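Trainee: Fold the stuff below for me.
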Amino acid sequence: MKKLVSAGEILVEPGPLLGPYPSGAPAIFIGQAAALGQPAGLIGAVGDDDFGRLNIERLRTLGADVSAIAVHKGHATGTAFVTYRADASRHFVFNIRNSAAGLIETNAAATKLLAGADHVHVMGSSLFSDRAIAVALSAIETVKAKGGTVSFDPNIRREIMQASGMREALDQVLAQAEIFLPSGEELFLFSSARDEKGAVEELLARGLSCIVLKKGAAGAVYHDRHGAVASSGFAVDEVDPTGAGDCFGAAFVSFWLGGAAPAEALLIANACGALAVTRKGPMEGIFPLEAVEAFIATGKNTP
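Mentor: Numbers count the residues shown, from 1 in each chain. So this is what the prediction gives:
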């Protein structure tokens, strides 16, 4: 029999679609920081499409500086599809490296934004390519050269952990950070110790100023060379956990930069993380400081 051949697109069509929702770990982080009144801006790239405009407009509305977000014609804005499984785990399918996000660079607008920056926050998920790694390391070098500081959230996604150079880049960023914000088992990815106390001690000895271990609904624990401060979480009805850790980190770093005591920074951070899970969509649970404080006044900490 004769063989028939065709050539063309191979696609998946998601089931019932909710959204689209603005997303991206660094975008969520910067959006939440800006909503709390912290001057904050983002270096990034989107396509000249509705998704790109949606993200830029949301960040602008939250008060973030969007001047260093490049818009590329002919390239699609990055996407992430999330599967929520019955055991509460999530599986991600990303299109980042080959989207407009993959064109990120330290251009003139990014250089101008960094000229006024005192702190750089790095998400491990943003180290998805050699180009992205170069931008992150350049930002760190620029800000550290003028006495600035760095925070680092490993934000490991197994779907992108195998990206070329990612493990080395993670270690490079950690070596230059003052604040380390791991979630759960991420603490042990950078330590030879197998218990929490040993891992914290080992990492602090490398020069970190503090470690903030995120524990989800159970709250978080702050560690520095003087001891530890624990803060419980808030009891809320969880709708969508995506982005909660980013909101937590944004709040903690913002208040740390403002000179807040660890206990105060943790309280605000836990409240922001709790509020984040009460809405569907990674950035839908971002609230301004007034709303966060009102939530704290009426909210209940978990035991």
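
Trainee: So what does A260 look like in phi/psi?
Mentor: phi -70, psi 150 (degrees, to the nearest 10).

Trainee: tell me the mean pLDDT over stretch 227-241?
Mentor: The average pLDDT within stretch 227-241 is 94.

Trainee: Walking through the stretch 101-250 of the chain, point out its helices one by one.
Mentor: Per DSSP state H, counting those that start in this stretch, the stretch 101-250 of the chain carries helices over the ranges 108-115, 130-145, 166-175, 196-205, 244-257.

Trainee: export these to a markdown table and tack on mean neighbour count, mean pLDDT and distance to D50?
Mentor: (Each C-beta comes from the backbone N, C-alpha and C, glycine too.) Formatted as a markdown table, those follow (neighbours: other Cβ atoms under 10 Å; pLDDT from 0 to 100; distance: least, Cβ to Cβ, whole Å):
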| stretch | mean neighbour count | mean pLDDT | distance to D50 |
| --- | --- | --- | --- |
| helix 108-115 | 16 | 95 | 22 |
| helix 130-145 | 18 | 95 | 24 |
| helix 166-175 | 18 | 92 | 30 |
| helix 196-205 | 16 | 96 | 42 |
| helix 244-257 | 27 | 96 | 23 |
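
Trainee: mind checking which of those is nearest S6?
Mentor: helix 130-145 (34.3 Å; Cβ to Cβ).

Trainee: so how far is that closest one off the chain centroid?
Mentor: How far helix 130-145 lies from its chain's middle: 16 Å, per Cα atoms, centre = their mean, to the nearest Å.

Trainee: And for stretch 230-246?
Mentor: Distance of stretch 230-246 from the chain centroid (Cα atoms, centre = their mean) equals 14 Å.

Trainee: what about that stretch, how long is it end to end?
Mentor: The first residue of stretch 230-246 is 19 Å away from its last residue (Cα to Cα, to the nearest Å).

Trainee: What are the contacting residues of stretch 67-87?
Mentor: 14, 23-24, 41-49, 51-52, 55-56, 59, 90-96, 99-105, 107, 109-110, 112-113, 242 (Cβ atoms under 8 Å, 6 or more residues apart in numbering).

Trainee: So which of the residues you listed sit within helices?
Mentor: Among the contacts of stretch 67-87, the members falling in helices (DSSP state H) are F51, G52, N55, I56, L59, A109, A110, K112, L113.

Trainee: Name the nearest of those residues relative to I156.
Mentor: Closest to I156, out of all of those and judged by Cβ to Cβ, is N55, at 22.9 Å.

Trainee: okay, the ones in helices among the contacts of stretch 67-87 in CSV with distance to V135 next?
Mentor: As requested, these are exported to CSV (distance: Cβ to Cβ, whole Å):
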residue, distance to V135
F51, 21
G52, 18
N55, 18
I56, 18
L59, 18
A109, 12
A110, 7
K112, 14
L113, 12
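
Trainee: so which of the helices of the stretch 101-250 of the chain gets nearest L181?
Mentor: That would be helix 244-257 among the helices of the stretch 101-250 of the chain, by Cβ to Cβ, at 4.9 Å.
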